[in-house]
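Enquirer: Here is a sequence together with a model predicted from it:
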Amino acid sequence: MQILLTEQTVERMRHAQKSTQYGSPLGRGDPPMIGAELFPNGIARYLIGGLFIGGGAAVIYLATGIIAGASTFLESTLSYVSKVPRFNRFPYVNSRDWRVVFTIGIVLGAGVYALIWQGGAWTTEVQWWRLLGGGILVGVGTRLGKGCTSGHGVCGVGSLSQTSIVNVATFMAVAIGTAQLVQALGVSP
Amino acid sequence: MSDRGPGFYLAILVGGLIFGFGLGYSHMARPEVVLNFLQFDDLGLLFVMGGAAVVTGITFAIATKTLDRAPLTGREYLRRTKSFDRNVVVGGVVFGAGWGISGICPGAAYASFGIGNWPILWAVAGMFIGAYAQGRLRSRIADSSAGPATAD
């Protein structure tokens, strides 16, 4: 009897551990609410994270007047090692140093989150060829389309720029179609 | 640059730290979370982008109306406006396909490395390859019809 109880307890602890691992840092223990199917992890982590993302962009904007996007880093950093004229245009060479600093900040900021809330490193299960292949298309698309999720999605939409809203609507629709197609083809994750 | 002292780079670093922390906290740095959103399994990502855009929107609106010039650069406060052309749509299509396949975008990729997700280096390498390929191609094509240079 005692052994049985112990086993149950261990099982319960395991379960609790698992839900902690995947649960929201703040939403843990939240009562179930309407829209639980659409938001199985609640909305707190998403909203709070989003406010921080906007806050980071706002700090840079207020201090420097610069509207920071994450993807120009790709081209401006290439100017350090490539002589291709496109990467060596003045706006890129002139901004490449602070873009490196911005990117280091992003890495370190996420690292702070990982150390305090995540309890160490987390690695993806998404297959390497999806990351590499998708990454190549992202690299082409973001530079062709003049921005990415942060430049167009956060700052452009925040500026009510029609160019950005068209770009975001386009990539959102295509991304939804693509992800659902990949899932339908049985690729997971 | 004369207008870029330690204070300038410190502001960029602090902004980047907050930005990256938000990407980690929102879980957008995890490709699985983005893919779950795109597959309609968890629509929480709407609040990440929406929340961020509301903050920048309010900041831009107040700064452009009430503030003069940025203290660390003397820059005027402007909105993010980019000219519209066909590339905005074509680029959006290509970006969307890549985002849908990989579940990762540039800022989230840097943050993903920060949360210890080393396989994301595949995606970062891919982004550099893609950016290099388009830059090389466009430099070759656009030598004759070079448009005004922009950065974002």
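Expert: Done, it's in.
Enquirer: who are the neighbours in contact with B:Gly20?
Expert: With contacts defined as Cβ atoms under 8 Å, 6 or more residues apart in numbering or on different chains, B:Gly20 is in contact with A:56, A:105-113, B:110-111, B:114. All C-beta spots, glycine's among them, are computed from the backbone N, C-alpha and C.
Enquirer: Can I get these in a markdown table including neighbour count, secondary structure and pLDDT?
Expert: Written out in a markdown table, the entries for the contacts of B:Gly20 read as follows (neighbours: other Cβ atoms under 10 Å in any protein chain shown; DSSP: H, G, I helix; E, B strand; the rest coil; pLDDT from 0 to 100):
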| residue | neighbour count | secondary structure | pLDDT |
| --- | --- | --- | --- |
| A:Gly56 | 31 | helix | 98 |
| A:Gly105 | 26 | helix | 98 |
| A:Ile106 | 37 | helix | 98 |
| A:Val107 | 19 | helix | 98 |
| A:Leu108 | 17 | helix | 98 |
| A:Gly109 | 29 | helix | 98 |
| A:Ala110 | 32 | helix | 98 |
| A:Gly111 | 21 | helix | 98 |
| A:Val112 | 17 | helix | 98 |
| A:Tyr113 | 24 | helix | 98 |
| B:Tyr110 | 28 | helix | 98 |
| B:Ala111 | 35 | helix | 98 |
| B:Gly114 | 29 | helix | 98 |
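Enquirer: Tell me the confidence at A:Ile165?
Expert: Confidence at A:Ile165, expressed as pLDDT, is 95.
Enquirer: in which helix or strand would I find the closest residue to it other than its chain neighbours?
Expert: The shortest distance from A:Ile165 to any non-neighbouring residue, by Cβ to Cβ, 6 or more residues apart in numbering or on different chains, is to A:Val157 (6.2 Å). In this assignment (DSSP states H and E), A:Val157 forms part of helix A:157-158.
Enquirer: Can you report the mean pLDDT over the residues of that helix?
Expert: Rounded mean pLDDT across helix A:157-158 is 94.
Enquirer: Give me the distance between that helix and the centre of its chain.
Expert: Distance, stretch centre to chain centre, for helix A:157-158: 17 Å (Cα atoms, centre = their mean, to the nearest Å).
Enquirer: which secondary structure elements does it contact?
Expert: helix A:162-184, helix B:45-66 (3 or more Cβ pairs under 8 Å, 6 or more residues apart in numbering or on different chains; DSSP states H and E).
Enquirer: OK, contacts around the residue positioned nearest the centre of chain A?
Expert: The centre of chain A sits closest to A:Thr149, judged by Cα atoms, centre = their mean, with a distance of 8.7 Å. A:Thr149 makes contact with A:70, B:49, B:99, B:105-108 under the criterion Cβ under 8 Å, 6+ apart.
Enquirer: could the residues you listed go into a markdown table alongside neighbour count and pLDDT?
Expert: Rendered in a markdown table, the data for these read as follows (neighbours: other Cβ atoms under 10 Å in any protein chain shown; pLDDT from 0 to 100):
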| residue | neighbour count | pLDDT |
| --- | --- | --- |
| A:Ala70 | 30 | 95 |
| B:Met49 | 23 | 96 |
| B:Trp99 | 31 | 98 |
| B:Cys105 | 31 | 96 |
| B:Pro106 | 29 | 97 |
| B:Gly107 | 33 | 97 |
| B:Ala108 | 32 | 98 |
